[in-house]
Every structure is written in structure tokens, then in C-alpha cells.
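[1] Dropping the sequence and predicted coords here.
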Amino acid sequence: MVHDENNALEASTSLATKTIGAEFIWEAALAFGHPVAIWRLPETDNVRLIVSEEMLPAEVIPDLEKLPSGFLMAPFSGNVLFLEGSLSVSFSIRHPFVAAAVGETGHFSEPLFEKAAALQSAAAESIPENKLLPRMPEGLAERYKRIVQLGADAVRQGELFKVVLSRTKSFDMVPGFSLVRAFLKLEAVYPTAFVSMVSLPHLGEVWLGASPELLVGVKKRRFFRTVALAGTQSAKDAAGQLKPKSKVLWSEKEIEEQAIVSRYIIECFKKIRLREYRETGPKSSKAGNLYHLKSDFEVDLEAVNFPELGSVMLRLLHPTSAVCGMPKEQALHLIATLEGYDRAFYSGYWGPVNVDENTDLFVNLRTLKVNGDVMTLFAGAGITADSIPEDEWLETELKCDTLLGVIDPSVSFLN
Ligand SMILES: C=C(O[C@H]1C=CC=C(C(=O)O)[C@@H]1O)C(=O)O
């Protein structure tokens with residue numbers, strides 16, 4: 001257990017140091033109405049939790065090179081929010097506890113740790129299982145299949161090449177449901193995903209997700225990375241066995257769908273006359289219970305003398321054709337006409353900025369929103385001329401299952 005900057009808390013001798021479970025720091029931040037973010041980057045076992053002293057997240061222009069250390073959260077369309085980490089702790093996922101000083105008056109973290117310690121002492125010994133009850137409004141599947149048909153017709157008529165159409169799926173959370181436990185479960189099952197959870201008290205919402213799609217990564221202010229991710233199939237065969245990567249086959253439709261996303265990224269590079277990028281793939285990439293096709297793009301910022309490439313590409317890329325379509329304007333118009341709901345943060349982007357000199361922004365996919373006792377999942381599918389409505393519906397069910405199968409397997413569509 002580590003207090004971020006310099007282990008000041010552990011070094012202190014005048015204060016009582018308590019070991020507090022990370023979930024109680026999250027709960028304390030919620031009880032006081034502070035925005036809080038918790039995340040684990042792919043292939044690491046280090047979790048970060050930041051609490052913002054400001055009750056309202058700042059609305060910012062995402063100039064990555066200028067922002068302080070914190071967490072960025074952008075909707076599909078609209079203002080970008082930023083949570084500055086007034087309190088920042090990190091801990092190993094194998095030991096989700098923080099050494100917290102209790103008795104340090106006047107500091108922002110003090111009442112928070114006091115509250116967390118009190119919540120920890122009052123916590124019940126036995127914790128109920130996380131349970132969900134489905135809410136299935138009549139005609140949900142039919143409505144989605146109808147808009148997929150309209151989207152595919154628009155592509156066939158030459159209005160655009162691809163559009164990503166999405167839908168929601170809602171559940172009631174049974175009392176005793178713990179979001180931190182859901183986060184920890186997702187973290188354990190999806191080591192290659194960006195697993196993240198953010199509470200936005202001014203909206204009364206918590207967002208939780210396990211994203212496989214990096215939008216903009218800048219490592220040590222030197223290496224830029226993005227990926228083109230599209231095409232979806234179950235990671236298991238008909239007998240329920242995991243398909244080995246070498247046996248995964250892709251249809252022409254899926255290859256084209258992913259190539260459109262790669263082309264879109266290359267067009268963004270072309271707009272800024274950047275030729276020195278390294279492209280690898282596409283390769284099959286496993287994300288939860290799914291396989292996708294993925295290409296990686298990398299740029300050495302020093303070699304191209306372009307230190308602000310991260311911000312420039314972020315502006316050009318979002319929303320990519322993995323969540324929107326191509327051409328972008330036509331796809332945005334069709335989404336607004338057909339979907340009939342506000343995507344909010346789904347298919348936006350989120351992630352840490354300038355934390356340990358790295359920025360890791362992921363597309364907000366495989367995501368859910370919690371509002372009161374209602375949990376809403378979001379999933380979309382790339383629609384091309386060859387799309388079959390029933391198949392696209394099943395694909396969105398599979399995508400919802402990436403989270404559901406872990407959080408409450410009894411409501412999984414695969415059961
Ligand atoms: C829009 C989503 O996925 C995108 C990312 C990967 C594969 C996709 C697909 O196969 O359609 C989508 O483009 C979603 O998960 O909601």
C-alpha cells in the first residue's frame with residue numbers, strides 16, 4: 001500500500017496510520033459528494049484512486065500537454081470534464097488497501113479518511129452477492145433491428161460507408177449491490193482491458209467499464225499510440241470452448257469494417273501531413289468474451305518533432321469510425337436521427353492524463369451507467385451494407401454480456 005507522492009503518510013510518526021480498504025475511501029468520497037475515479041491500466045496490477053476536492057468537475061479543452069495530473073472524461077458529443085486528483089492513492093490490486101493518516105486536521109483528505117475508517121468499522125461481515133433484475137421494455141429488440149435495417153439501407157444507397165448504431169439494456173440493482181466489488185471483479189477477469197469507474201455526483205451517476213480500445217496514449221511524453229478496433233465474434237466455439245487465436249476466422253464484412261477504422265486513422269495522420277508512423281496488424285485481439293480485429297499505430301514524437309500530437313490527434317480522431325462511422329458527419333446525423341437516446345459518456349473517451357508522465361485515454365466502450373438503483377448498459381455494432389439485423393442484435397447482446405457475465409452471471413444472455 002502506497003501513498004502516492006512520497007509515502008508521507010506512512011513516514012509520519014505523529015499521526016495514527018490506519019489501513020483502510022479502498023472501497024471505503026470510494027464510499028466516503030460518495031458520501032461527501034466528491035467526484036472520484038478509480039482505474040487499472042491494461043496488463044498492470046496497480047490501481048489508482050483519485051478524489052477531487054471540487055464538487056463540480058472542471059469543463060476543459062483537452063490540451064493534454066497543458067493539463068495537470070488528473071482524469072479526463074468526454075461524452076460522445078459535448079463538453080469534456082476533468083477531475084483533478086486532490087487526493088491520489090495507489091495500491092496493488094492483490095492488496096486493495098491504503099495506509100491513511102487519521103488525526104491530521106484541516107487537510108482535505110482528513111475528513112475523508114475519518115469517514116472511510118468509520119464506514120470500514122461499521123461494515124457488515126458477510127457481504128451479499130451482487131444481483132441484478134432485468135428490465136426488458138417491450139419491443140426493444142425489434143426497435144434495434146429496425147434501425148439497423150435503416151442504417152444498412154443508407155449504406156447500400158451510398159449515403160455513407162459505415163454507421164455504428166447502439167442501444168441500451170437496463171437492470172434494477174438488488175439492495176446490497178457493491179460497485180467497488182463489481183469493479184474488482186471486472187479487473188480480475190479482464191487483465192487486458194482498461195477497467196475504470198467514475199462517480200459524477202453533480203449528475204447523480206457512476207460509470208463503470210472495461211474498455212479494449214485505446215484512443216490516445218502518450219508514454220513518457222515521447223511515444224504516441226492509437227488502435228483501430230472493429231469486427232466482433234464470440235471468443236468461444238459452439239461447444240463453449242475458447243477458440244485459439246490462430247483458429248479465428250474473419251468474414252469479408254468484418255475485415256472491411258475494421259479497415260474503415262484503420263483508414264480513418266491514416267486519413268487523420270494525412271490531414272496533419274504525418275507520414276512517419278508504424279502500423280502493425282490487423283490481428284485478432286481478445287477482449288473479455290469477444291474477439292476483435294485490431295491494428296496498432298505508433299509515432300515517436302521526438303523523431304517527428306511533434307510534442308502536441310496527442311492533443312491534435314485526439315481532436316481529429318474522436319469520435320472514431322469504431323463508434324461513429326464514415327464519413328463522420330453523415331454518420332453523426334444518422335445516429336442522431338435513428339438511435340433516439342442520448343449516448344452521454346458511452347462511446348466518449350476517458351482515462352488518466354499526465355499521471356506518472358503518461359496519458360492513457362480509452363474509448364468508453366463495454367460500459368454501464370448507474371443512476372440510483374438502475375444500471376444501464378450500452379452496446380453498439382458497426383453497420384455496413386452486409387449487416388443482418390438479427391446478427392447485429394446478437395452482437396450487442398454479446399457485448400453487454402462482457403460486463404454482465406462477470407457482474408451477475410445469472411442474467412447473462414449466454415446462460
Ligand atoms: C461500438 C462498440 O464496439 C466497437 C468496437 C469494437 C467492435 C465493434 C464492432 O464490431 O462493431 C464496434 O465498432 C461497442 O462495444 O459498443
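    Good, I have the coordinates. Numbering: from 1, shown residues only.
[2] where does the protein come near the ligand, residue by residue?
    Residues of the chain lying close to the ligand by Cβ under 6 Å from any ligand atom are 164, 166, 213, 229-232, 292, 322-323, 365-366, 379-382, 399. Glycine gets a C-beta too; all of them are placed from N, C-alpha and C.
[3] Buried ones from the residues you listed, can you make that a PyMOL selection?
    Only the buried entries of the residues of the chain next to the ligand go into this PyMOL selection, using 16 or more other Cβ atoms under 10 Å:
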select buried, resi 164+166+213+229+230+231+232+292+322+323+365+366+379+380+381+382+399
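[4] so of the residues of the chain next to the ligand, which ones are in helices?
    residue 399 (DSSP state H).
[5] Sort out for me which of the residues of the chain next to the ligand are in strands.
    Using DSSP state E, the subset of the residues of the chain next to the ligand located in strands is 164, 166, 229-232, 292, 379-382.
[6] with the residues you listed in mind, which one is nearest to residue 185?
    The closest of these to residue 185 turns out to be residue 379 (Cβ to Cβ; 19.0 Å).
[7] can you pull the contacts of the closest one?
    Applying Cβ atoms under 8 Å, 6 or more residues apart in numbering, we find residue 379 in contact with 166-167, 169, 366, 395-397, 399-400.
[8] Just give me the closest of those residues to the ligand.
    residue 399 (4.4 Å; Cβ to the nearest ligand atom).
[9] How about the contacts made by that closest one?
    Residue 399 neighbours (Cβ under 8 Å, 6+ apart): 232, 290, 365-366, 379-381.
[10] Include distance to residue 29 and pLDDT when you put these into JSON lines, please.
    JSON lines is the format used below for the contacts of residue 399 (distance: Cβ to Cβ, whole Å; pLDDT from 0 to 100):
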{"residue": "232", "distance to residue 29": "35", "pLDDT": "93"}
{"residue": "290", "distance to residue 29": "32", "pLDDT": "92"}
{"residue": "365", "distance to residue 29": "25", "pLDDT": "96"}
{"residue": "366", "distance to residue 29": "24", "pLDDT": "95"}
{"residue": "379", "distance to residue 29": "29", "pLDDT": "97"}
{"residue": "380", "distance to residue 29": "31", "pLDDT": "97"}
{"residue": "381", "distance to residue 29": "35", "pLDDT": "97"}
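[11] Bridged to the residue in the stretch 101-250 of the chain that the ligand sits nearest to, which residues?
    Proximity of the stretch 101-250 of the chain to the ligand (Cβ to the nearest ligand atom) peaks at residue 232, 3.5 Å away. For residue 232, the beta-bridge partners are residue 292 (DSSP bridges).
[12] quick one: low-confidence ranges for the protein?
    1-15, 101-106 (pLDDT under 70).
[13] Mind jotting down where the helices sit in it?
    In the chain, the segments counted as helices under DSSP H are 8-11, 22-32, 109-122, 140-156, 179-189, 252-271, 309-317, 328-338, 389-407.
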